[in-house]
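Novice: Turn this into a structure:
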Amino acid sequence: MNEQNLKRGNLATAFHAGEGNGRGAVENGRKSGEARRRKKAIQQLAATMLESALTEGHKKALKKLVPDMPEDDATVAAAMVAGQIQAAIKGNTSAYLALSEQAEAVRAKQEAEEKRRLKFHTDLENIPDNFHRLLRDVRMHGHRQYVLHGGRGSMKSSTVAQIIPELLKNNPNVHAMCMRQVGNTLKDSVFSKIKWAIEKNGLQEEFKVTKSPMEITLIATGQKIYFRGADDPAKLKSITPEFGYIGILWFEELDQFGGEEAIRKIEQSVIRGGDDAWIFKTFNPPLSRTNWANQYAGEPDSAKLVHKSAYTDLGAEREWLGEAFIAEAEHLRETNPTAYAHEYAGEAVGTGAEIFPFLEIRKITDEEIALQERIYQGQDWGWHPDPKAFVRLSYNHNTETVMLIDEMGGTCIRTKDMAERIKAAGYDDFEIRCGVDEPEHINDYRDAGLIARPAIVTPGSVRRTHEWLQCRKIVIDPERTPNAYREFSTYEHDIDQKTGEIIDGYPDHDNHYIDAVRYATSVLSMKRGESA
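Specialist: Numbers count the residues shown, from 1 in each chain. Sure, this is the predicted structure:
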C-alpha cells in the first residue's frame, strides 16, 4: 500500500511539473516501462534457470541418453531438449516440430554470425554456378587443401584468382603467394589472372600493382600477394612479410612441379607462423593416369577438397568463352574423341601403356557390399620390403565386374598375426586363395582356422590371370583399398627406352595387391572357356 502511494505521489509531482493534458501519456508510459522491466526480468530469470546445473540424479539420467555430454553442458535446457527428442522418437509430432524449429534457428544464427564476420567481396555473378559450393567451403574454411582439376575453359583458375583477394580482405594478418614451376611464366599467367580478378570485382582502387618487384598490395593494410617460381629456391626463401604470415598459397599447373614431395617442402617453407592456411592447386590432368598429380587428386584426404570441372559444366557462363572456343571444342569432339576427352573434358585418358583399362574409381557404399552374393579372397606373401597383401572382393558374372571390398597388409607382419587380423575382421567366412611359393604359410593359415588353399597356377597362368582381369571392369574405392588403388591405377607395361615401344609382358614390381586379386579370382580365370 505504501509503495502504491509513493508511486502516486511521484506521478502527481510529475503532473504538477508539466502540463495537465500529459497525465494520460505519462501514466501509459509508466505502465509500459514497468511491463518491459517485468518482461526483461522474467526473460533473465528464465535464461538463468535454463542454464542452471541439474541435480546429480537428473545428470545421471541425462548421461544415459547422451553418454559423451561434457559435465558443464548438463543443464536444465539440455534436459528439456533430451525430453523433446524422446517424445519425438515416440511419435510426438509437436515435439518434432519444436526441435526442427530450434535447429533451424541455431543454423540461421550461425549463418548470420558468419555473414557478419565475413565480407563477401567476390561477386557470385563472376563465379560459375558449379564452383559456388567450393567457394562456400573456402569461406567457411572447411578444408586446408583445394585441388581443382579439369579441362580447358573450365574456369578453375579464374575462380581461384577471384577467391584470393577476398581471403586477403577478410584475414588482415595473412599474405598470399602464387606459384608456377618456372618463374618466367608468372607474368602472363597467375599475375595477369589476379589483376583481372581484382578489376572484375571492382577492387582496383583498393590494390596497388607493381611489376618490379612483381607484387600486388592491399593498400589499406599492406598485405601482399607475392609471385614466385619454384625454379629459384633462393627467391622463395627470401620472402619475409613485415607482419603476419603467408597463409594463402596457389600452385598453378600443379603437374609441372617436381612431385608431391617437392610440393610438400614448398608448403613447409612458405606457410609458417600462423594457424590458418588455404592452399589451392590447379591443373589440367596429364595424359598418363600414373602422373603424380593425377594420383594425388585421387587419393583420399579429409583435409582436401577435390573439384573436377569442364567447360560443359558451365551454364549460361559458356558465353564467356566465346563462340570460337566452343566451335573448336565441338569440332575436336567429333574428329578426335580421345583428344577431346583429355583436353576439354579433363580426363587422364592414358598413354596406351596402361594394363588395366577398365578401372572405375569411385565410392563403394556399405549397401552395395551387402548386396554382393559371392565373395573371393586372395593372399600374396611377403615380408620386407615386399608386403603381405590380403584382398577381399566380389565378382558379378552378369556384368563381368570385380569389386574390391577390403584389403589388409604391410611389411614385417608374421603369418599368424595376419591370420588373426583376417579372423578379427570376420573374413574367415570364405576361402582364401594364396600364392603357392610359400606352402608353409598356407598351412599356418589352416592351423589358425582359415579356409586357405593354393591359387590355381599352371604354365602360362600369369598371363592368363592378368588378361582375364584386363577384360573386366574393376571397381575400386581409394578409401577402402588405397594400396590396391595405387597399384592398379599405376600398373603399366615397361617401355623400351631406345625404341619407345611397349614391352610385352607384365612387370613384376609394385603389384602385390594385384597378385592377391589374381589369386582370389584364379578359380574363375583358370576355368576352361574363361580365357581372354
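
Novice: Could you report the neighbour count for the residue nearest to T159 when sequence neighbours are not counted?
Specialist: Computed as CB to CB, 6 or more residues apart in numbering, the closest residue to T159 that is not its neighbour in sequence is F131, at 4.7 Å. Quick note: C-beta positions are derived from backbone N, CA and C, even for glycine. Neighbouring residues of F131 were enumerated by other CB atoms under 10 Å; the total is 25.

Novice: For F131, give me its contacts.
Specialist: By CB atoms under 8 Å, 6 or more residues apart in numbering, the contact set of F131 is 155-156, 159, 307, 309.

Novice: what about the nearest residue to G244 once chain neighbours are set aside, neighbour count?
Specialist: The spatial neighbour of G244 that comes closest, neighbours along the chain excluded (CB to CB, 6+ apart), is N173 at 3.9 Å. Other residues within reach of N173, judged by other CB under 10 Å, total 14.

Novice: ok, N173 touching I246?
Specialist: No: with contacts counted by CB atoms under 8 Å, N173 stays clear of I246, the gap being 10.7 Å.

Novice: where are the low-confidence patches of the stretch 351-500 of the chain?
Specialist: In the predicted model, the stretch 351-500 of the chain carries no residue with pLDDT under 70.

Novice: which stretches of it form strands?
Specialist: 359-361, 375-380, 388-396, 401-410, 432-434, 452-454, 473-476 (DSSP state E, counting those that start in this stretch).

Novice: out of these, nearest to H441?
Specialist: With distances scored as CB to CB, the stretch of these nearest to H441 is strand 432-434 (7.0 Å).

Novice: Show me what the closest one is packed against.
Specialist: In this structure, strand 432-434 packs against strand 375-380, helix 439-447, strand 452-454, helix 512-520, with contacts taken as 3 or more CB pairs under 8 Å, 6 or more residues apart in numbering; DSSP states H and E.

Novice: following the last one, which helix or strand comes up?
Specialist: The reference is to helix 512-520. With elements assigned by DSSP states H and E, the helix or strand that comes after helix 512-520 is helix 522-525.

Novice: so how far is that next one off the chain centroid?
Specialist: Helix 522-525 has its average C-alpha position 37 Å from the chain's average C-alpha position, going by CA atoms, centre = their mean, to the nearest Å.

Novice: closest to Y445 out of the strands of the stretch 351-500 of the chain?
Specialist: In terms of CB to CB, the element of the strands of the stretch 351-500 of the chain nearest to Y445 is strand 452-454, at 3.5 Å.

Novice: what's that closest one in contact with?
Specialist: Outside strand 452-454, the residues within contact range by CB under 8 Å, 6+ apart are 379, 431-436, 439, 442-443, 445-446.

Novice: residues of it that come out buried?
Specialist: Within strand 452-454, the residues that count as buried by 16 or more other CB atoms under 10 Å are 452-453.

Novice: can you give me the helices in the stretch 101-250 of the chain?
Specialist: 132-139, 156-170, 192-200, 233-237 (DSSP state H, counting those that start in this stretch).
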